[in-house]
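Student: Turn this into a structure:
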Amino acid sequence: MTVDQLKHYEAENVQYVEFMISAWCPGERARFAQAISEATEDAAKLAALQASGLAYCVATKRNDLATAIGMIRTSLGCDAPAPQPGCSVTFRYIVQIFRGNPPDDVFVQTATAAALIRAEPRLVGLNLVGPEDYLVARRDYTRQMQIIRFLAGNVPVALHAGELWLGLVPPPDLTFHIRQAIEIGGARRIGHGVSLAFERDAAGLLADMRARPVVIEIALTSNDVILGVRGKDHPLPAYLAAGVPVVLSTDDAGIARIDLTNEYFRAARDYGLGYRQLKAIAGNALRYSFLDEEQKRAELERFERSCVQFERAVAAAQSPLENAVALIKAALTLPPGDDAPGNRLQVPPAARSHPAAGWQ
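Tutor: Numbering: from 1, shown residues only. The predicted structure is shown next:
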């Protein structure tokens, strides 16, 4: 699946992607849950898990990952004189944790994920997956945030939070998920965040997200298809106006049958975002990625070079008059605070020749 997606992303000129994968040890999962079931404190649960062979599970999964990545590179011929399409896309993995299981199982998944991320540089963060509006995810939401804080306080965390709307859940559930993901779960990135307007002190939450900063991953098509939220009902303009760093995401492109270019197109069509904003959004996907600082700097330099090439190609295809008009329009439509960190966003305009980074 990674090979197929890398080929697709290179065709889209996507530069960097963080795939989400499961990484628990299936044969040990039930035994681990049993081992911690009698402990009442999180520290005791973790100690019981470590005594039951967590380190061996982590070493096994790390070896599995190294084998898989070797197969990916071999399949694409990335080390051969003529590598196949896909090799130019930098990729890492985020470990996903299913939020619909009992607390002890979520504890085991999170402990395994956090230990793997500490041990393996190509695993760069963790996230919760599964419907946020389901009973168990709603009932245990605060407890799950506490588990993540305890086990993953020193690893990158991106959390799907606020993928909710009226009619899906009792109204009180709309009022705290985003805030708890940030304040308790320690999320550096929030996926969706659609229920923003229902959060207690939404204005204060936006100010906090800008100050920390916490990035909002906007998934326009997913929110339309799953939640029925689109157009003026979607909070994208509110996040932009508040200076919260924004990126565009496909959510699950395989389910929605879309690609990242589609999301840039929707942002331009439905919200009037121009090239400067879309380019900034695309840059944010690198600035707020979970790459280390040296890798991030290299990817940003690569992104800027690609943008220059794209802009020169567009300018060369236009007449001097068209270029002059474009410059005037750009100057007149430059949004306030365009140089502020909160307005530096990332993703490609509808033109497939434009570079972009993205998260799966």
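Student: okay, now R29: neighbour count?
Tutor: R29: 16 surrounding residues under other Cβ atoms under 10 Å. All C-beta spots, glycine's among them, are computed from the backbone N, C-alpha and C.
Student: Grab the nearest non-local neighbour of it.
Tutor: V108 (6.3 Å; Cβ to Cβ, 6 or more residues apart in numbering).
Student: hang on, the one you found packs against A33?
Tutor: Yes - using Cβ atoms under 8 Å, V108 is in contact with A33, at 5.5 Å.
Student: who has more neighbours, the two?
Tutor: V108 (31 against 20).
Student: Let's verify that one: helix, strand, or coil?
Tutor: helix (DSSP: H, G, I helix; E, B strand; the rest coil).
Student: Who are the contact partners of it?
Tutor: 24, 29, 32-33, 36, 49 (Cβ atoms under 8 Å, 6 or more residues apart in numbering).
Student: now do A256
Tutor: 221-222, 225, 250.
Student: Show me where the chain has its strands.
Tutor: For the chain, the strands defined by DSSP state E cover 14-21, 90-98, 123-129, 158-161, 189-192, 215-218, 246-248, 356-359.
Student: Is it possible to get a markdown table of those that adds mean pLDDT, mean neighbour count and distance to H234?
Tutor: Putting the strands of the chain into a markdown table (pLDDT from 0 to 100; neighbours: other Cβ atoms under 10 Å; distance: least, Cβ to Cβ, whole Å) gives the following:
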| stretch | mean pLDDT | mean neighbour count | distance to H234 |
| --- | --- | --- | --- |
| strand 14-21 | 94 | 21 | 23 |
| strand 90-98 | 97 | 21 | 24 |
| strand 123-129 | 97 | 23 | 21 |
| strand 158-161 | 98 | 28 | 16 |
| strand 189-192 | 98 | 27 | 10 |
| strand 215-218 | 98 | 28 | 8 |
| strand 246-248 | 98 | 28 | 12 |
| strand 356-359 | 46 | 30 | 19 |
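Student: which one of the ones you listed lies closest to R62?
Tutor: strand 123-129 (8.3 Å; Cβ to Cβ).
Student: about what we covered before: ok, now how distant is the residue nearest to R29 from E217?
Tutor: 26 Å (Cβ to Cβ, to the nearest Å).
Student: quick one: low-confidence ranges for the stretch 201-350 of the chain?
Tutor: Applying pLDDT under 70 to the stretch 201-350 of the chain flags residues 333-350.
Student: related to what we said a few turns ago, overlap in contacts, V108 and A33.
Tutor: The contact sets of V108 and A33 do not overlap (Cβ under 8 Å, 6+ apart).
Student: ok, the contacts of A256 vs F150, which is closest?
Tutor: Among the contacts of A256, and counting by Cβ to Cβ, the member closest to F150 is S222, at 29.9 Å.
Student: Excluding chain neighbours, what is closest to that closest one?
Tutor: Nearest non-adjacent residue to S222, counting by Cβ to Cβ, 6+ apart: D251, 3.6 Å away.
Student: Ok, Q295 next?
Tutor: T90 (7.7 Å).
Student: who touches that neighbour in this structure?
Tutor: Per Cβ under 8 Å, 6+ apart, neighbours of T90: 15-17, 291, 295, 299.
Student: which residues does it bridge with?
Tutor: With DSSP bridges applied, T90 shows beta-bridge pairing to Y16.
Student: From G27, how far off is it?
Tutor: Distance of T90 to G27, given as Cβ to Cβ: 32 Å.
Student: Check V214 too.
Tutor: Distance, V214 to G27, by Cβ to Cβ: 37 Å.
Student: rewinding a little: and the strands of the chain: which comes nearest A267?
Tutor: strand 246-248 (6.1 Å).
Student: now for that closest one, which elements pack on it?
Tutor: Judged by 3 or more Cβ pairs under 8 Å, 6 or more residues apart in numbering; DSSP states H and E, strand 246-248 is in contact with strand 215-218, helix 236-241, helix 260-271, helix 275-287.
Student: Okay then, goodbye and thanks.
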